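Student: just coords:
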């Protein structure tokens, strides 16, 4: 054998050995991409999403998650239904409405965040509006995609208000509290903590300067914001859905344990936010909107099927929806982390 033949043989053997060695290492599995839209602009009560992303919890689950700001909780559901996003943080009542009208395109809720109704109509403390009935003949304003505004027909029917006698005025979200302050509207729709803390930014003290008519005080003990996924994504990537929920749940537990540290991830997204106000908003959301007594028995993130049925029934009756979705069409708890990993109180 010539020297060239011996070299070729040695090279072939070496190449075979390297091939076996490298073949023993499994090829990297591509991360699953998830496009997610939030309920609103960057705020304190989104800290767990940012933490899960920045601390690599999504990556640990084999996910590549991009997170965009939202334009309202109802709008987030619509954006997921349209296919623009795989997942969203949106209002379950908007989901119920869509599931009744277009079940084939409606997303599905998988992790309940706001388990206590946050919907309110806010008025100035000296307003003559004392009861829901006093709204008749008045102008109530809100962003077009605001969930409380979307639910107003339901609230009006439940509270005995003639909805046709109430004038609705739409405005940009950043003008809501200013227009109330200037008496350009008589009242505004919103989430209680969104209105209260935004009011502080325009010089109002919500405890002294505002009063709130709460939907929950008038027969509307409804669920609210939830993580939703498109049905297509759920069918094609069920493990990715479970992975995202594990990552968010992990970050939520850390947020509850150390809210101040969690705020670092919010401020990283938007350094111009007022950190102290956003931290207070975060704490208020944890204590009020996310702390329904039922989680002591079912754990955070899950729903009570009977309560969800009532939520569905309220929306169907008040909005005269064409069909009544089954609870299983609205919420799927198969992807939740184990019960012992989910909080029993916040």
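Tutor: Received, thanks. Computed from a prediction, not measured in an experiment: that's the story for all the values here.

Student: Check for me that residue 94 belongs to a strand.
Tutor: No - going by DSSP: H, G, I helix; E, B strand; the rest coil, the assignment for residue 94 is helix, not a strand.

Student: Neighbours of it, how many?
Tutor: Each residue near residue 94 was counted by other CB atoms under 10 Å, and the total is 27. Glycine gets a C-beta too; all of them are placed from N, C-alpha and C.

Student: In contact with it, which residues?
Tutor: 73, 74, 77, 78, 147, 150 (CB atoms under 8 Å, 6 or more residues apart in numbering).

Student: want to try a markdown table for those, with secondary structure, pLDDT and distance to residue 332 as columns?
Tutor: Output for the contacts of residue 94, formatted as a markdown table (DSSP: H, G, I helix; E, B strand; the rest coil; pLDDT from 0 to 100; distance: CB to CB, whole Å):
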| residue | secondary structure | pLDDT | distance to residue 332 |
| --- | --- | --- | --- |
| 73 | helix | 91 | 19 |
| 74 | helix | 90 | 20 |
| 77 | helix | 97 | 15 |
| 78 | helix | 96 | 19 |
| 147 | helix | 85 | 21 |
| 150 | helix | 87 | 23 |
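
Student: Closest one of these to residue 330?
Tutor: For the contacts of residue 94, the minimum distance to residue 330 (CB to CB) is 11.1 Å, reached by residue 77.

Student: those strands in the protein, which residues are they?
Tutor: All strands of the chain, identified by DSSP state E, fall at 32-37, 63-68, 87-91, 108-112, 119-124, 139-142, 167-170, 187-191, 210-214, 225-229.

Student: Adding mean pLDDT and distance to residue 155 as columns, could you present these in TSV?
Tutor: Formatted as TSV, the strands of the chain follow (pLDDT from 0 to 100; distance: least, CB to CB, whole Å):
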stretch	mean pLDDT	distance to residue 155
strand 32-37	98	26
strand 63-68	98	30
strand 87-91	97	14
strand 108-112	98	21
strand 119-124	97	7
strand 139-142	97	11
strand 167-170	97	13
strand 187-191	96	10
strand 210-214	97	9
strand 225-229	98	17
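
Student: Can you flag the buried ones in the contacts of residue 94?
Tutor: 73, 74, 77, 78, 147, 150 (16 or more other CB atoms under 10 Å).

Student: Report the central residue of the protein.
Tutor: The residue lying closest to the centre of the chain (CA atoms, centre = their mean) is residue 89, at 2.7 Å.

Student: Got the domain ranges for this protein?
Tutor: Listed domain ranges for the chain are 32-116+223-341, 119-218 (source: automatic domain parsing).

Student: what about the last one, distance to the chain center?
Tutor: The one in question is domain 119-218. The chain centre lies 21 Å from the centre of domain 119-218; the measure is CA atoms, centre = their mean, to the nearest Å.

Student: coming back round to it: check the spacing between the residue nearest to the residue nearest to the centre of the chain when sequence neighbours are not counted and residue 145 real quick.
Tutor: Using CB to CB, 6 or more residues apart in numbering and skipping residues adjacent in sequence, the residue nearest residue 89 is residue 39, 4.7 Å away. Look at residue 39 and residue 145: by CB to CB, to the nearest Å, they are 10 Å apart.

Student: Who has more neighbours out of those two?
Tutor: residue 39 (29 against 23).

Student: which residues touch that one?
Tutor: 46, 70, 72, 73, 76, 88, 89, 90, 91, 225.

Student: Narrow those to those that are buried.
Tutor: 46, 70, 72, 73, 76, 88, 89, 90, 91, 225.

Student: now, the most widely separated pair of these?
Tutor: 46 and 91 (15.0 Å).

Student: picking up where we left off before, quick one: the contacts of residue 39 as CSV, columns for distance to residue 204 too.
Tutor: As requested, the contacts of residue 39 are exported to CSV (distance: CB to CB, whole Å):
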residue, distance to residue 204
46, 23
70, 24
72, 22
73, 23
76, 27
88, 30
89, 27
90, 28
91, 25
225, 24
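
Student: quick check, nearest of those residues to residue 183?
Tutor: residue 72 (24.5 Å).

Student: Double-check the closest one against residue 143; I have them as touching.
Tutor: Yes - the criterion here is CB atoms under 8 Å, and residue 72 meets it with residue 143 at 6.0 Å.
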